[in-house]
Each structure stands twice: as C-alpha cells, then as structure tokens.
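Test case, fold it:
(chains A and B)
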2 protein chains.
Amino acid sequence: MTDRTRVQRLPERGVYGLDEIRKVLDSNFVCHVAYVADHGPVVLPTLYAVEGDTMYLHGSTGSHMLRTLKGGAPVCVAVTNVDGIVAARSVFHHSINYRSVVVFGNAVEVTDVEEKLNALRVMTNHMLPGRWDEARRPSTAEFTQTAALKLPINESSAKVRTGWPKDDAEDLGLPVWAGVLPFGRSLGVPLADPALPDGVAISDPVRAAVEKWRTET
Amino acid sequence: MTDRTRVQRLPERGVYGLDEIRKVLDSNFVCHVAYVADHGPVVLPTLYAVEGDTMYLHGSTGSHMLRTLKGGAPVCVAVTNVDGIVAARSVFHHSINYRSVVVFGNAVEVTDVEEKLNALRVMTNHMLPGRWDEARRPSTAEFTQTAALKLPINESSAKVRTGWPKDDAEDLGLPVWAGVLPFGRSLGVPLADPALPDGVAISDPVRAAVEKWRTET
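As a prediction, this is how the structure comes out:
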C-alpha cells in the first residue's frame, strides 16, 4: 500500500492482498489505461492479461498510448467488475456492488523475443484458454508490428462492495422495495464465421472461454 | 471532432455522431474517469448519467476525484461496452467486439439547488427508471454531502467494432474454428433485502431496471 493506492473514499472497502487483487484481474480482460498526453489526461480501454505479478498490455507499435507508455510515462490502470445494482430505500444510499482494481506504475516494453512471445501467449490464452496452441502463430511481420508492455502489479489496490443496501435505521420500515439486482456476464452460443470451411468444429479453447467468462447470476 | 477525439488507431472504427455516442452512453452506467493528480494519472470507476448533451457525475464532497475535477482540472471519461470475443484463425487478428466512448473536457460543479436536484434525479433514474419518485429523497444533510458535476459531451468520440474475424485471405482455409463469442450482460432475479418488511413488493422501477439492463445474447 502506498499513498496513491490507499483507498480514500470508504476505506473499509479497500483490499490490498495480492491474492484478492489477482482474483479481480483474473475475472476480466478489458482494462482502462490512463496516461497524461500533451493536452491532459487520456483514458482508453484495452485488453490485458496477468501472469504472476506482471500485467501485460499489447497493441500496434503505432498506438499513441503504447508509444507514450513505453517511453516510461507514469500509468494508472483500472479493472472493474460490476456485480449488481443496490436499490436502497433512500436515494442517497443507492449504490452498486463491484470489485475493482487500480494499478499504478511505469510500464516497460518487452523486447526480448522469447519474453515477448510469452507475453503474447499469455494475452491470447487469458481470453481463450489454450488458443495459442491452435491458432496460427504471429508471422515475423505481425510480431514486429505488435508492441508488448509489462507493468508490475505490486503498487495496486482493490475496492470491493458486496451485500445489501446500507439504509439508515429509521428508513428500514419505509414501504419501498430494497435489495440487489444481481448483474453478471452472459455468454451466448459461439457464432461460427460464415467463411469457415465445412467440418471445422468448435474447439476446446473456445468451449473453455465460454465456461471461463460465463457468470452465474 | 478535435485532435484529441480523433480515433487514431483503426480510424475506420471511429464514430462522431452525437446520436451514436448517446446510444453507447445510454447503455451503461459505469464510466472510468481519468485526471491528473500530483503524482500522475489516476483512473477510477464511478457512476454516471446523461441528459441531453450533459454527462453527470456525483459522489461525496470528500472525494479526491470530485474535488480535483470541480477545480477545473481537465478530465477524460471512458465508457466501454464489451459485445464479444472475436476468435480469429491467427493469433494476430484476435480481437473483441465493443462500443466505447471517450469524452474530454472540464467538469463544472452543479451548485444551483434545482439543477443539482435534477442531476441527482437523472443519476437515480438512469440506473433505475422512475426510482426518484418512490425512494426517499435526499435530506438536507445528504444533499449537502453530495457533489454533482456536469461535463459537456460535445468533445467526444465513439469507437465501435462489430462482426467477424478479419483474417488474412490466405488463412481462411486453416482448420481452426473462428467466429464470435457473444458477450452480454445478464440480470438475475432481484434479491430482496432480508430486512424488508412483509408485503413490500418489487416495484415498477426495479422491474424496469431489470428490463433496461438485460442484454439478449
């Protein structure tokens, strides 16, 4: 925990254990990356993956965001899972249930070929477990056009809200329905590319992804 | 469109019409707000709502983020809807389908009492349509503890990816399953607060929220 990772609003919701932080990061694949451009703050969504205590980002070498980050600019990354709408008896206590993580630091470009291949493998398999072993691997040109960055997740914190509305005691008798609307992710049936040759069946990595990202609600 | 809202990577995905931008903003309620703190960039998730060409944010007057923004600091806000995992034949062309919006600007605190009440009403009804009329309204103390900010959405852009994998022509015959895993939101059955008095039924705003936020996949 550092000054910038300490949860300031509602500090009782702060979580600082790496296991808890990893659990949140493992349960999503889109993060929001903030950095400072010439004109001020920028935040953009992008894909990520985590291995050990390292978060990987990737993208085109032409990306303004990646070019800024690999120059060593400070970065802040947020990952947010929304678990429910909390309907309280009072307007004031309306809220959402969520699990979010914020990571601060400086990203470093992964330039070693083996390490970069591993970063791309981790990125691919995070979204579709095992996909690296069945999809066509990057060509030299594709590999060169892709930048991979790593960011240590050691300066990070999670913030978690669970449970029921926290209404004031004097409001509990009001005739207003209160509770939680559970929010989750749903994954539909995989849709095959119409250009797929006959006889190419859905593979284990695709099935594994549906299983991995489905949330029961 | 300005220099900072122009979509730089894959410009064919850029969308600049206010109707399209509003559609994305209307289909979510959590944004990621980026600003520059003393130590560098910060991005945090928070609730938002939109009315006309104004985005509203709210929170505790003690919030570091709100205090920074109401001082006129430049802000960047992103809203991202994830619609699917795009499984391509090549690692390189893996992607996601998404609709995202980025707004740049400077927020202004809403201090006029009527305007602030309206902002809180819009925030409440965005998440739970009609809830403002049935929940207990803010007390004077609650009203005072809450800050409401408005941000014009006129400097913004959307970025949208839809459809099938964009594999190279020479990869189309590979025996690798390719397609889209449709991603959506699911809303479970509303869970009543155990402290609810007997006989308080689920109300129309709660039912309307389940309907509003449910995504078919």
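
Output the longest helix belonging to chain A.
helix A:113-127 (DSSP state H).

for the record, mean pLDDT for it?
Per-residue pLDDT over helix A:113-127 has a mean of 98.

Note down every partner strand of the helix or strand of chain A with the lowest mean pLDDT and its orientation.
Least confident helix or strand of chain A, by mean pLDDT, DSSP states H and E, is strand A:14-15 with a mean of 81. According to DSSP bridges, strand A:14-15 has the following sheet partners: strand A:156-161 (antiparallel).

Need the contact partners of whatever helix or strand comes next after the partner strand.
Per DSSP states H and E, the first helix or strand lying C-terminal to strand A:156-161 is strand A:179-187. Applying C-beta atoms under 8 Å, 6 or more residues apart in numbering or on different chains, the set of residues contacting strand A:179-187 from outside is A:82-87, A:96-97, A:163-165, A:209-210, A:213-217, B:181-193, B:196, B:206, B:209-210, B:213, B:215, B:217. Yep, even glycine has a C-beta here, placed from its N, CA and C like the rest.

what do you get if the cut-off is 6 Å, keeping everything else the same?
Here strand A:179-187 makes contact (C-beta atoms under 6 Å, 6 or more residues apart in numbering or on different chains) with A:82-87, A:210, A:213-215, A:217, B:181, B:184, B:186-188, B:190-193, B:209, B:217.

Those residues in strands, which ones?
Of these, the ones assigned to strands by DSSP state E are A:82-87, B:181, B:184, B:186-187, B:191-192.

Buried among these? Make that a PyMOL selection.
Selection of buried members from the ones in strands among the contacts of strand A:179-187 for PyMOL, criterion 16 or more other C-beta atoms under 10 Å in any protein chain shown:
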select buried, (chain A and resi 82+83+84+85+86+87) or (chain B and resi 181+184+186+187+192)
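
follow-up on the earlier one: what packs against the longest helix of chain A?
Contact here means 3 or more C-beta pairs under 6 Å, 6 or more residues apart in numbering or on different chains; DSSP states H and E; on that basis helix A:113-127 packs against strand A:40-51, strand A:54-60.

The longest one and chain B in contact?
When you say that, I think you mean strand A:40-51. Yes: using C-beta under 6 Å from any C-beta of the partner chain, strand A:40-51 reaches chain B at A:40-43, A:45.

Just among the residues you listed, which is most surrounded?
residue A:43 (29 neighbours; other C-beta atoms under 10 Å in any protein chain shown).

before we move on, which element is the residue nearest to residue A:61 when sequence neighbours are not counted in?
Leaving aside its sequence neighbours, residue A:61 sits nearest to residue A:147 (C-beta to C-beta, 6 or more residues apart in numbering or on different chains; 4.6 Å). Assigned by DSSP H and E, residue A:147 belongs to strand A:146-152.

Do you know the pLDDT at the closest residue to residue A:192 other than its chain neighbours?
Leaving out its chain neighbours, the residue that sits closest to residue A:192 by C-beta to C-beta, 6+ apart is residue B:179, at 4.4 Å. pLDDT for residue B:179: 98.

Could you do residue A:52 as well?
As summarised for this prediction, residue A:52 has a pLDDT of 95.

residues near the nearest residue to residue A:43 once chain neighbours are set aside, how many?
In space, and not counting its chain neighbours, residue A:43 is closest to residue B:34: 3.6 Å by C-beta to C-beta, 6+ apart. Using other C-beta under 10 Å, the number of residues around residue B:34 comes to 29.

same thing with residue A:95?
18.

Provide a list of residues in contact with the closest residue to it other than its chain neighbours.
Nearest residue to residue A:95 in three dimensions, chain neighbours excluded: residue A:86, at 4.2 Å (C-beta to C-beta, 6+ apart). With contact set as C-beta under 6 Å, 6+ apart, residue A:86 has these partners: A:95-96, A:165, A:180.

Let me have the residues of strand A:40-51 next to chain B in CSV, adding pLDDT as columns.
Shown next, in CSV, are the residues of strand A:40-51 next to chain B (pLDDT from 0 to 100):
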residue, pLDDT
A:40, 96
A:41, 98
A:42, 98
A:43, 98
A:45, 98
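
Now render these as JSON lines, adding distance to residue B:72.
JSON lines is the format used below for the residues of strand A:40-51 next to chain B (distance: C-beta to C-beta, whole Å):
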{"residue": "A:40", "distance to residue B:72": "11"}
{"residue": "A:41", "distance to residue B:72": "13"}
{"residue": "A:42", "distance to residue B:72": "18"}
{"residue": "A:43", "distance to residue B:72": "18"}
{"residue": "A:45", "distance to residue B:72": "26"}
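
just to revisit the earlier point, considering the contacts of residue A:86, which possesses the most neighbours?
In the contacts of residue A:86, the most neighbours by other C-beta under 10 Å go to residue A:180, 22 neighbours.

Kindly state the beta-bridge partners for that residue.
Beta-bridge partners of residue A:180, as defined by DSSP bridges: residue A:86, residue B:191.

quick revisit: could you list the buried residues of the longest helix of chain A?
Buried residues in helix A:113-127 (16+ other C-beta under 10 Å): A:116-127.

thinking again about what came up before, which helices and strands sit right next to the strand holding residue A:147?
For strand A:146-152, the helices and strands in contact under the criterion 3+ C-beta pairs under 6 Å, 6+ apart are strand A:54-60.

if we can go back for a sec, turn the helices and strands packed on helix A:113-127 into TSV, columns for distance to residue A:131.
Shown next, in TSV, are these (distance: least, C-beta to C-beta, whole Å):
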stretch	distance to residue A:131
strand A:40-51	12
strand A:54-60	15
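
Which one of these lies nearest to residue B:136?
strand A:40-51 (34.4 Å; C-beta to C-beta).

tilt between that closest one and strand B:156-161?
Interaxial angle, strand A:40-51 versus strand B:156-161 (axes from the mean of the first three to the mean of the last three C-alpha atoms, to 10 degrees): 30 degrees.

Show me the shaky parts of chain A.
Residues of chain A meeting the criterion pLDDT under 70: A:215-217.

just checking, residue A:147 touches residue A:63?
No: contact status for residue A:147 versus residue A:63: not in contact, 7.1 Å apart, counting by C-beta atoms under 6 Å.
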